[in-house]
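Asker: no letters, just coordinates:
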């Protein structure tokens, strides 16, 4: 017996002539043979949620939680989505984690190449931002069901720089940027607290603003986690904190009808 599906042949059509005999589409008769086995679980997609970023008087500051979700499953709780690029730039990623890892690899290769040139010039934050926007723009024509959004922030020529780019190559710059659900829940808070005050906002005030927003996201976004990192870029360089948590309060939920056990 021939066990290879491609050698099984195709069903005879009724009233088949010499021209159309055995012309039944192979994918209808033997889908496994035509397209390979069905593999629903062999391409896992792990995603991260919001990234928050603001300018303050000394540079820029970002925050992101450490949760990597697999569909509706909160699976990985130690995913770091903030990374340093060069000496004065931070990359924050929301969306598919594997795409972020690949993008980070591209940027690392780029920075190594630039350092090897040893010509006295190093890519600054605006240059890295432009490079990433072109990379994402070049990918836009591919059939990619995933979504990704990146925030590039840093200090260039003594000034803070903050820019957004997504998988379609869409770009903009602002003093406050939020991705994911943060664009709906945290962005209004950031605008009210930061815009117009970028030149006077202290580091302590910037930390408090971001922590308040991360607390709101933890309360309201089901794909957020009360374990996150902060990163800052100043003229002295980049500093990324270890993951930490904030104090939260859930006792108010006992008075909400429909929440928890009812008397």
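Answerer: Done, it's in. Predicted model, so just to flag it, every value in this text is computed and none were measured.
Asker: for stretch 172-181, buried residues please.
Answerer: Using 16 or more other Cβ atoms under 10 Å as the test for burial, stretch 172-181 gives 174, 175, 176, 177, 178, 179, 180, 181. C-beta: built from backbone N, CA, C; applies to glycine.
Asker: how about the strands in the stretch 51-200 of the chain?
Answerer: Assigned by DSSP state E, counting those that start in this stretch, the stretch 51-200 of the chain shows strands spanning 51-56, 59-65, 68-70, 73-76, 82-85, 89-96, 148-156, 159-166, 171-173, 176-178.
Asker: how far off centre is the first one?
Answerer: For strand 51-56, the distance from its own C-alpha centre to the chain's C-alpha centre is 15 Å (Cα atoms, centre = their mean, to the nearest Å).
Asker: in the protein, which helix has the most residues?
Answerer: Using DSSP state H, we find that the single longest helix of the chain is helix 97-117.
Asker: thinking again about what came up before, which one, of the strands of the stretch 51-200 of the chain, ends up nearest to residue 110?
Answerer: Minimum separation from residue 110 across those (Cβ to Cβ) falls at strand 82-85, 8.6 Å.
Asker: outside of that closest one, which residues touch it?
Answerer: Strand 82-85 is contacted from outside by 51, 62, 64, 90-92, 104, 107-108, 111, 128, 152, 154, 229, 231, 238, 240, using Cβ atoms under 8 Å, 6 or more residues apart in numbering.
Asker: off-centre distance for that strand?
Answerer: Average the C-alpha atoms of strand 82-85, do the same for its chain, and the two points are 13 Å apart (Cα atoms, centre = their mean).
Asker: stretch 161-177 too?
Answerer: 13 Å.
Asker: same question for stretch 85-99.
Answerer: The offset between the C-alpha centroid of stretch 85-99 and the centroid of the whole chain comes to 8 Å, using Cα atoms, centre = their mean.
Asker: in the chain, which residue is closest to the centre?
Answerer: Centre of the chain computed as the mean C-alpha position; nearest residue by Cα atoms, centre = their mean is residue 94, 1.7 Å away.
Asker: my guess is it contacts residue 148. True?
Answerer: Yes - under the contact definition of Cβ atoms under 8 Å, residue 94 touches residue 148, with a separation of 7.0 Å.
Asker: which residues are common contacts for these two?
Answerer: With contacts taken as Cβ under 8 Å, 6+ apart, residue 94 and residue 148 have no neighbour in common.
Asker: any regions of the stretch 151-263 of the chain where pLDDT drops low?
Answerer: 253, 258-263 (pLDDT under 70).
Asker: mind listing what's buried in stretch 73-87?
Answerer: Taking 16+ other Cβ under 10 Å as the basis for neighbour counts, the residues of stretch 73-87 that come out buried are 79, 80, 81, 82, 83, 84, 85, 86.
Asker: list the contacts of the second one.
Answerer: Under the criterion of Cβ under 8 Å, 6+ apart, the neighbours of residue 80 are 66, 229, 243.
Asker: next: the last one.
Answerer: Residue 86 is in contact with 111, 122, 123, 124, 128, 154, counting by Cβ under 8 Å, 6+ apart.
Asker: number of nearby residues for the third one?
Answerer: Look at residue 123: counted by other Cβ atoms under 10 Å, it has 22 neighbours.
Asker: sorry, back to before: please convert the contacts of residue 80 to TSV, extending it with distance to residue 138.
Answerer: Written out in TSV, the entries for these read as follows (distance: Cβ to Cβ, whole Å):
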residue	distance to residue 138
66	30
229	29
243	33
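Asker: quick one, which of these are buried?
Answerer: If you count burial by 16+ other Cβ under 10 Å, the buried members of those come out as 66, 229, 243.
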